[in-house]
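let's see this in three dimensions:
(one chain, ligands or ions: 3)
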Amino acid sequence: MLHNSAGDLIRATPERGSATIARMAVADHEAVPAVAADEAPRSGTVVMKFGGTSVAGPERLKNVARRLVDARDEGNRVVGVLSAMGDTTDDLIDLARQVSDAPRPRELDMLISVGERISCALAAMAIHDLGHEAISLTGSQAGIVTDTSHTKAKIVEVRARRIHEALDDGRIVLVAGFQGVSTSYEVTTLGRGGSDTTAVALAAALGADGCEIYTDVDGVFTADPRIVPGARKLHAVSYDEMLELAAGGARVLQIRSVEFARNHGVRLHVRSTFGDAAGTWITQEDERMLEKAIISGVTHTTEETVFRVEGVGVARLFAELADAQVNVDTILQSGEGIVFSAPAGDRPAAERALSGLGAEWSARDDLGKVSLVGAGMRSHPGIAAKAFATLDELGIVPEIVTTSPIKIACYVGLDDVERAVRALHDAFELERPEAERAHA
Ligand code: ADP
Ligand code: ASP
Ligand code: MG
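Residues are numbered from 1 along each chain as shown. Ligands and ions are numbered 1, 2, ... in the order given. The predicted structure follows:
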């Protein structure tokens, strides 16, 4: 399915330095399925998701077990969703590549889905040793049903009966993140970062009171704290802002998980696995958010390929790309042809589709995307002017610019990405605590 996660007012610079407005559309995120529980939700259910760093090693797994037991002792029905330990998923993918240049996606899914299963089984053992009952489940056993698109499957249904039964028995339920079973009974995975989506889909299906995302940073920051040391933790972010931040490369939440949260009204709390401090709430936008910061954050990604295509109509081109399961992001049509971006991982599939069309095309992977996101942007003119002036001072000319009512994204040379992020963060004074939102 064609997924235009940026889809919006799109401007471009066909020639360096000459930005033109090319097309306008409305921000369009994909619909998510109704995952309504097959049983009535019970109150007091919490879903707690732990990322790779949180479960990287036996001691950390024991800490996770303790946190889950504490939540159970407080009287909750507790579902833990775990990622694979540390770099396990990367290591498994490396292993596959050492065996085969082009592993088939079905087998890749059989392989990489085991990482999450290891974490869950170990956590269940640790919980048993703390004197509590727990059961680990694969995605399939947990009733996570997906479409048939291997390595980037989408959840189409959650059959939560088995989880409910285990919870009714007083057990802590550990669900392997990032995976499901397809409508043709194959093991599938949900794309990188997919455990977030498992957790939110379960929270929606179980009617959970909340979904806690435990990770290796204190919450959602004004920029990737690894790139901008002065980045500040945000108290609250609206679903729409978080969608744009995730689409812009803020890895902290998989974009699909935010789509689920928004459509099902699941309140997310992104917080550190290493302490008890409050993190960032992802919720419905409210007035306090709008009164406060104009800009919530600057994000970046260096993992997109930008294609330029000539000699084929848009309808045919995007139908082919959709068939090839290419996740198209930015689309721009101008007199000289069509430009679109897609995740670097989709490049081989996109190239096959383009070659099949007999079109003239070229691909670039020397560009990165830097996005400025903020709900307050809607009511404050001059944000784009300030952003472009900031880049101009650095001698950076964006090659493509795309905007939505709450986002301005610029494609710049890969070498310029990090300095552009830092300069925009400075220019909009995002490190200042005064911009903090009093919320939640
Ligand atoms: P997990 O394994 O817990 O799922 P991820 O590595 O997927 O963790 O996501 C957390 C990482 O996201 C952080 O370590 C951080 O480097 C990165 N990140 C990028 N942008 C942001 C941001 N704006 N706020 C917080 N973290 C961010
Ligand atoms: N282990 C998977 C990954 O590394 C899923 C996740 O961590 O969310 O992408
Ligand atoms: Mg993640």
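
stretch 411-426 and ligand 1 in contact?
No - Stretch 411-426 is not in contact with ligand 1 by Cβ under 6 Å from any ligand atom; minimum separation 9.8 Å. To be clear about C-beta, it is placed using only N, CA and C from the backbone, and glycine gets the same treatment.

so what pLDDT did residue 340 get?
Note for residue 340: predicted pLDDT of 96.

OK, contacts around it?
Contacts for residue 340 (Cβ atoms under 8 Å, 6 or more residues apart in numbering) come out as 306-307, 309, 321, 328-332.

same thing with residue 124?
134-136, 174 are the contacts of residue 124 under Cβ under 8 Å, 6+ apart.

restrict the residues you listed to those near ligand 3?
Among the contacts of residue 124, proximity to ligand 3 is found for none (Cβ under 5 Å from the ion).

doesn't residue 362 fall inside a helix?
No - assessed with DSSP: H, G, I helix; E, B strand; the rest coil, residue 362 is strand; it does not lie in a helix.

surely it is in contact with residue 307?
Yes - using Cβ atoms under 8 Å, residue 362 makes contact with residue 307 at a distance of 7.2 Å.

neighbour count winner among the two?
Counting neighbours by other Cβ atoms under 10 Å for residue 362 and for residue 307 shows that residue 307 has the greater number, 23 against 11.

so is the more buried one in a helix, a strand, or just coil?
strand.

so how far is ligand 3 from it?
27 Å (Cβ to the ion, to the nearest Å).

now the closest residue to ligand 3 within the stretch 151-300 of the chain: closest residue in space, sequence neighbours ignored.
In the stretch 151-300 of the chain, the residue found nearest to ligand 3 is residue 193; the distance is 4.1 Å by Cβ to the ion. Leaving aside its sequence neighbours, residue 193 sits nearest to residue 254 (Cβ to Cβ, 6 or more residues apart in numbering; 3.6 Å).

now do the contacts for the one you found.
Contacts of residue 254 by Cβ under 8 Å, 6+ apart are 190-197, 246.

mind listing the helices for the stretch 101-250 of the chain?
For the stretch 101-250 of the chain, the helices defined by DSSP state H, counting those that start in this stretch occupy 105-112, 114-129, 161-168, 195-206, 239-247.

ok so, going back, burial measure for the residue of the stretch 151-300 of the chain closest to ligand 3, as a count.
If you count neighbours by other Cβ under 10 Å, residue 193 ends up with 21.

repeat for residue 106
15.

so how far is ligand 2 from it?
Look at residue 106 and ligand 2: by Cβ to the nearest ligand atom, to the nearest Å, they are 18 Å apart.

thought that residue was touching residue 150?
Yes - counting by Cβ under 8 Å, residue 106 touches residue 150, with 5.4 Å between them.

quick check: neighbours shared by those two?
Shared contacts of residue 106 and residue 150, counting by Cβ under 8 Å, 6+ apart, come down to residue 186.

report pLDDT for the nearest residue to residue 214 once chain neighbours are set aside.
Closest residue to residue 214 apart from its sequence neighbours, by Cβ to Cβ, 6+ apart: residue 273 at 4.0 Å. pLDDT for residue 273: 96.
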